[in-house]
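Enquirer: build me a model from this:
(chains A and B)
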Amino acid sequence: QKEVEQNSGPLSVPEGAIASLNCTYSDRVSQSFFWYRQYSGKSPELIMSIYSNGDKEDGRFTAQLNKASQYVSLLIRDSQPSDSATYLCAVRGRSNTGKLIFGQGTTLQVKP
Amino acid sequence: EPEVTQTPSHQVTQMGQEVILRCVPISNHLYFYWYRQILGQKVEFLVSFYNNEISEKSEIFDDQFSVERPDGSNFTLKIRSTKLEDSAMYFCASEGAGRQETQYFGPGTRLLVL
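Expert: Model prediction:
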């Protein structure tokens, strides 16, 4: 079983729609969860972090965490063509060294 | 806004050669990391570094790899004898000391081993 799983996509949505990206993780003791955006050939850029069950909103982005289901999601409202990128889910592992475990990433395409 | 910087942006080397990848973390950060991403694959953890020593390393980080913080600002990754399969993007990341800190990534070094 992969430690962090994401659907690789591509996920295609029209401009202005809501994009929903999902991630599951295997280690039940994980405490910290992150969404990074990665444009082709570039480095991961932090979008959101979430640590508690529930929703966390930041502008057009909402992260949702359900620890019982070991599930993290990212909603992007009013999607723009500039949101087209690969979205990486990352989980801080059980070790206290800060290591991040990444999923494969979901490629999002927002069509004008 | 403070950022992590990395040099060089691109490095081409011959198999068996040594390479040193350099990183300047954000100045007040205390935790430092190296990750790599082979083309088309996921970002993989290599090593974490705190208080001038390795705190964790992955299976990838074998005896050919080493890290060093030679002064108060630089953080380096050395690959002693490069292999073809070392070709990848190498990302440095740094993190502050707060309770819920996050890791900020540098722009990466694209390493190509021929």
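Enquirer: distance check, residue B:37 against residue B:109.
Expert: 11 Å (Cβ to Cβ, to the nearest Å). No exception for glycine: its C-beta is placed from N, CA and C like everyone else's.
Enquirer: for residue A:103, same thing?
Expert: Counting by Cβ to Cβ, the separation of residue A:103 from residue B:109 is 23 Å.
Enquirer: what's across from residue B:11 in the sheet?
Expert: In this entry, residue B:11 is beta-bridged to residue B:111, by DSSP bridges.
Enquirer: next, count neighbours for it.
Expert: By the criterion of other Cβ atoms under 10 Å in any protein chain shown, residue B:11 has 17 neighbours.
Enquirer: how about residue A:2?
Expert: 12.
Enquirer: contacting residues around the nearest residue to it once chain neighbours are set aside?
Expert: Nearest-residue entry for residue A:2: residue A:26, 7.1 Å, with adjacent residues in sequence omitted and distances by Cβ to Cβ, 6 or more residues apart in numbering or on different chains. Residues near residue A:26 by Cβ atoms under 8 Å, 6 or more residues apart in numbering or on different chains: A:1, A:2, A:3, A:4, A:5, A:70.
Enquirer: my guess is the fourth one meets residue A:25, correct?
Expert: Yes: distance between residue A:4 and residue A:25: 5.0 Å, which falls inside the contact criterion (Cβ atoms under 8 Å).
Enquirer: now do the shared contacts for these two.
Expert: Contact criterion Cβ under 8 Å, 6+ apart; residues shared by residue A:4 and residue A:25: A:89, A:91, A:101.
Enquirer: tell me the residues of chain B that contact chain A?
Expert: Residues of chain B found near chain A (Cβ under 8 Å from any Cβ of the partner chain) are B:31, B:33, B:35, B:41-45, B:48, B:50, B:55-56, B:58, B:89, B:91, B:93, B:95, B:100, B:102-108.
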